[in-house]
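A.B. asks: sequence first, predicted model second:
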Amino acid sequence: MPHITVDYTGNLADAFDRRGFATALHPLVAKTIDTSVEACKTRFLRSDEYVLADGGPEHALVLVRAAVLSGRTPEAKTRLSEAVLELLKQHLAPTPGLSVQTAVDIVDLDRTWYRSHTEPAGER
């Protein structure tokens, strides 16, 4: 926790610095919602089949969805979504000819039911 999934359209593959985004994202998330960098997990999912707006090839999208443990205040989640959106802009190179939509969605994981385990390196 948090579990972060980044969906992006294939026409942004060369313009989106995914590794740079994730390595900057984790400390930002940790600071904003009081968690640890070690707890952050980010996956990138490239989509080559999509329809945006009128379906034209000039449309692109990056959607960041962060699932965080419940109990964070609305203000903290708002700060996080705004900060992630700004960070995302820093990791997208200019894309002449593309209309790029960016979005952030923060969702709650129910603390009552959520469980996780990390097996330390070298102990298996």
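C.D. replies: Structure received. Since the model is a prediction, treat every value here as computed from it, not as a measurement.
A.B. asks: could you use CA atoms for every contact and neighbour count after this?
C.D. replies: Will do.
A.B. asks: and the helix or strand where residue 26 lies, what other elements does it pack with?
C.D. replies: Element membership for residue 26, per DSSP states H and E: helix 18-33. For helix 18-33, the helices and strands in contact under the criterion 3 or more CA pairs under 8 Å, 6 or more residues apart in numbering; DSSP states H and E are helix 74-90.
A.B. asks: buried ones in the helix it packs on, by neighbour count?
C.D. replies: By neighbour count, and taking 16 or more other CA atoms under 10 Å as the criterion, the buried residues in helix 74-90 are 77, 80, 81, 83, 84, 85, 87, 88.
A.B. asks: name the nearest of the residues you listed relative to residue 44.
C.D. replies: Using CA to CA, residue 88 is the member of the buried residues of helix 74-90 that sits closest to residue 44, with 13.1 Å.
A.B. asks: and the closest residue to residue 2 other than its chain neighbours, how many neighbours?
C.D. replies: In space, residue 2 comes closest to residue 68 once its chain neighbours are excluded; the distance is 4.7 Å by CA to CA, 6 or more residues apart in numbering. Burial of residue 68 is recorded as 22 neighbouring residues (other CA atoms under 10 Å).
A.B. asks: where does residue 68 sit: helix, strand or coil?
C.D. replies: The three-state assignment at residue 68 reads strand, by DSSP: H, G, I helix; E, B strand; the rest coil.
A.B. asks: same deal with residue 43?
C.D. replies: Classification of residue 43 into helix, strand or coil gives strand, according to three-state DSSP.
A.B. asks: need the contact list for it.
C.D. replies: Residue 43 is in contact with 4, 5, 6, counting by CA atoms under 8 Å, 6 or more residues apart in numbering.
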